[in-house]
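>>> fold the following, please.
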Amino acid sequence: MQYIRLRSYVNHNGKLAFMGIFFLGLFPIFASAAQSVIITVTKGFGLSLYASDLGDIKQMTVGDNGTLFVGSQKSGTVYALIDSDQNGQVDKRYLIAKGLDYPEAVAFHNGSLYVTEDDRIIRFDEIESRLRRPGRAREVYSNLPSLDKKYTRSMRFGPDGRLYVAIGSPCNVCESPMPFGNILAINVDTGASEQIAFGLRSVTGFDWSPVTNKLWFADLGRNWMGDNIPADEINRVDIKGSHFGFPYLHGTDVVEPAYDKPENLNITVPEFELPAHVAPTGLSFYRGEQFPQRYHQQLFVAENGSWNRSSKVGYQIVMLDIKDEKVIKRETVVSFLDGEFPVARPFDVINAPDGAMYISDDLKGNIYRLFYNAPEQSQEMK
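Numbers count the residues shown, from 1 in each chain. From the prediction side, this is the model:
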């Protein structure tokens, strides 16, 4: 067995910062030999295992009554999770659906759960009152690309009540046909859709600023250009229908050698560049009150971690500090990387009803709960 313990680490200024001094117990991760692994958590925060054994889980959404819904990829399952005694750990889980084709994207709106499935979007109505026996899913949209090509998709309801769906490009680098590589806004009542952003590679995390209502999203850079280029991107949609560069321009200034940019194409460059290959798959603005004030309305990003690199980067939750719509710094809140060993691969990060945040891990099928305790309430773990 492996057991997780916490440690302090040196912060971005090079000064020792005491980290992860409280934690809801040690929990095992099975391995071939007994050893301990380390998760690093920023001072004042705690991390607990909220749920486990959920397969290759991806995106999450929360219902009106606090139910946590989580989609998966190849395992084809959708789960509903409930912490009925409010002790920070799931004690009831329900299998909403199984045998679906890549139901990785989920969204909740007006009492219904929306799920991507093959080339369509389906809906489970009145789901929180029917967790034991969900009704038959209804098809609400059928114009997604089929799954004969590998691509990512994610979805979330916007402030305007429309369902926004990000459809990735089916390649490392290519000129892909529509609707690949864009974000759609869909009216789920009429089926009418509008293209919001173009020129995307792989977007699985997006959210709207609680200050400006502008749409922010993370996009993964292409592979096989080296350890340090191109950058992964944080983008903001200021003008509807903007093109964000793929496949012609990566990051701010890395020109794609395989394709020439069309002469009259205007490209919107990233608002912020992340290090290459950190893989920002989840993105949420913090809307709770539990965390200290400096975290309020700031952008949390799940960095799923590198594979196309000689040494590992990412595997962490970071906060992007935004002032006047500009990202002024990036700081680590939770690191799941113990040296070159990934303890977890965070895929999504979303707000919990009590002001904590949920983190999905597609490496081991866990969900973690990130919470904050006032320093005077904490006890140092020896």
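>>> tell me which element the residue nearest the centre of the chain is part of?
If you average the C-alpha coordinates of the chain and look for the closest C-alpha using C-alpha atoms, centre = their mean, you land on residue 282, 1.6 Å from that point. Assignment of secondary structure by DSSP states H and E places residue 282 within strand 280-285.
>>> repeat for residue 203
Counting by DSSP H and E, no helix or strand carries residue 203.
>>> what segments of the stretch 51-200 of the chain are strands?
Along the stretch 51-200 of the chain, the segments classed as strands by DSSP state E, counting those that start in this stretch run 57-62, 68-72, 78-82, 92-97, 106-109, 112-117, 120-124, 138-141, 153-157, 163-167, 182-186, 193-198.
>>> between those, which gets nearest to residue 297?
Counting by C-beta to C-beta, residue 297 lies closest to strand 153-157 out of the strands of the stretch 51-200 of the chain; the figure is 17.2 Å. For every residue, glycine as well, the C-beta is placed using N, CA and C.
>>> which other residues reach stretch 285-302?
Applying C-beta atoms under 8 Å, 6 or more residues apart in numbering, the set of residues contacting stretch 285-302 from outside is 44, 205, 207-211, 216, 218, 234, 274, 280-284, 317-322, 327, 333, 346-349, 351-352, 354-357, 359-360, 371-372.
>>> what's the most buried one of the strands of the stretch 51-200 of the chain?
strand 68-72 (a mean of 27; mean count of other C-beta atoms under 10 Å).
>>> what residues does it touch?
Residues from elsewhere that reach strand 68-72, judged by C-beta under 8 Å, 6+ apart: 50-51, 54-63, 78-82, 90, 96, 103-106, 108, 113, 115-116, 127, 352, 358, 360, 367.
>>> go ahead and confirm residue 207 touches residue 283.
Yes: contact status for residue 207 versus residue 283: in contact at 5.5 Å, counting by C-beta atoms under 8 Å.
>>> overlap in contacts of the two?
Common neighbours of residue 207 and residue 283 are listed as 216-217, 299 (criterion: C-beta under 8 Å, 6+ apart).
>>> which ones among these lie within strands?
In strands, defined here by DSSP state E, the members of these are 216-217, 299.
>>> against residue 245, how distant is residue 264?
For residue 264, the distance to residue 245 under the criterion C-beta to C-beta, to the nearest Å works out to 15 Å.
>>> actually residue 316, not the one I wrote
The value you get for residue 316 to residue 245, if C-beta to C-beta is used, is 25 Å.
>>> looking at those two, which has the bigger crowd around it?
It is residue 245, of residue 316 and residue 245, that has more neighbours when counted by other C-beta atoms under 10 Å, with 27 against 23.
>>> what does that one show for phi and psi?
As for residue 245, its main-chain torsions (degrees, to the nearest 10) stand at phi 110, psi -30.
>>> ok, residue 180 next?
Here the main-chain torsion angles of residue 180 (degrees, to the nearest 10) amount to phi -60, psi 150.
>>> ok, it to residue 238 distance?
Following C-beta to C-beta, the distance that separates residue 180 from residue 238 is 23 Å.
>>> so which of these two has more stuff around it?
A side-by-side neighbour count of residue 180 and residue 238, using other C-beta under 10 Å, places residue 180 first with 18 against 12.
>>> so that one sits against residue 168, correct?
Yes: contact between residue 180 and residue 168 holds when scored by C-beta under 8 Å: they sit 7.0 Å apart.
>>> got any residues that touch both of those two?
Counting by C-beta under 8 Å, 6+ apart, the shared contacts of residue 180 and residue 168 are residue 151.
>>> now do the same end-to-end measure for stretch 108-119.
Distance across stretch 108-119, first residue to last, is 19 Å (C-alpha to C-alpha, to the nearest Å).
>>> mean confidence for that stretch?
Stretch 108-119 shows a mean pLDDT of 97.
>>> repeat that for stretch 204-221.
The predicted model assigns stretch 204-221 a mean pLDDT of 98.
>>> could I get that stretch in CSV with only the CA atoms?
Output in CSV follows, covering the C-alpha atoms of stretch 204-221 (Å, rounded to 0.1, in the frame of the first residue of the first chain):
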residue,chain,number,x,y,z
THR,A,204,-12.3,20.9,-21.7
GLY,A,205,-12.3,23.7,-19.2
PHE,A,206,-14.3,27.0,-19.5
ASP,A,207,-16.2,29.3,-17.3
TRP,A,208,-17.6,32.9,-17.1
SER,A,209,-16.1,35.6,-15.0
PRO,A,210,-18.4,36.4,-12.1
VAL,A,211,-17.2,40.0,-12.4
THR,A,212,-17.6,40.7,-16.2
ASN,A,213,-19.6,37.6,-17.5
LYS,A,214,-16.9,37.1,-20.2
LEU,A,215,-16.1,33.6,-21.2
TRP,A,216,-12.6,32.3,-20.3
PHE,A,217,-11.3,28.9,-21.5
ALA,A,218,-8.1,26.8,-21.5
ASP,A,219,-6.7,25.3,-24.6
LEU,A,220,-4.0,22.6,-24.8
GLY,A,221,-1.0,23.3,-27.1
